[in-house]
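K.L.:
With the input below, show me the fold.
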Amino acid sequence: MKIYTKQGDDGTTGLLYGGRVSKAALATEAYGTTDEAVAALGVARALLGEDGMAGEVLAIQQELFVVGADLATNPDQRHKLSEGSSLVTAAMTERLEAEIDRRVEADPLPNEFIVPGAGHASAALDVARTVVRRAERRCVDLQASGAAVNPEVLRYLNRLADYLFVLARGAAGTDEARSRS
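P.N.:
Residues are numbered from 1 along each chain as shown. Model (predicted):
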């Protein structure tokens with residue numbers, strides 16, 4: 001099997017369950033940015049090594065594939081999506097909220113702004129967080145264009161950025177620089 005199909009040579013890409021759209025389409029930008037977040041999280045996971053957070057990051061990467069599938073589906077075929085494997089659900093967001101609450105209760109966040117870069121893993125998590133925020137903005141753009149966007153995708157991405165902020169703080173430990181502004 002070859003990795004290339006030549007079907008995208010005309011500037012289009014295939015949708016899940018059929019159909020093609022421009023590679024410059026807002027939907028393509030939205031799910032493409034979630035793919036960037038998956039890759040950025042891969043760097044963070046590699047830098048975490050055997051740390052317990054690496055498993056959490058892998059789980060998030062897998063959930064972002066669900067986000068990508070939700071966004072990359074032919075709008076006429078959304079009824080074919082499956083909760084948790086190709087359709088983002090409220091339970092996914094609620095799990096993030098519970099994890100955020102658990103981590104913040106165990107290690108309260110500082111009141112100052114945080115300057116990223118205390119360590120390689122925490123910096124990589126902060127980069128991934130900013131890519132997730134961009135994915136969220138792309139989804140808002142897509143929704144504003146009149147396209148149907150699963151509201152759970154927006155909630156999930158919003159909460160995921162918060163979760164990655166908390167994970168980055170945990171990875172940084174006490175080495176973080178704080179802004180005095």
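K.L.:
Tell me who's in contact with the most centrally placed residue in the chain.
P.N.:
Geometric centre of the chain, nearest residue: residue 132, 4.5 Å, by CA atoms, centre = their mean. Contact analysis of residue 132 by CB atoms under 8 Å, 6 or more residues apart in numbering lists 34, 37, 157, 160, 161, 164. Yep, even glycine has a C-beta here, placed from its N, CA and C like the rest.
K.L.:
Please, where are all the strands along the protein?
P.N.:
12-14, 20-22, 114-115, 177-178 (DSSP state E).
K.L.:
and among these, the most buried is which?
P.N.:
strand 12-14 (a mean of 16; mean count of other CB atoms under 10 Å).
K.L.:
leaving aside the residues next to it on the chain, what's closest to residue 103?
P.N.:
Excluding the flanking residues, the one nearest residue 103 by CB to CB, 6 or more residues apart in numbering is residue 166, at 4.9 Å.
K.L.:
Can you give me the distance of the one you found to residue 97?
P.N.:
Distance of residue 166 to residue 97, computed by CB to CB, to the nearest Å: 11 Å.
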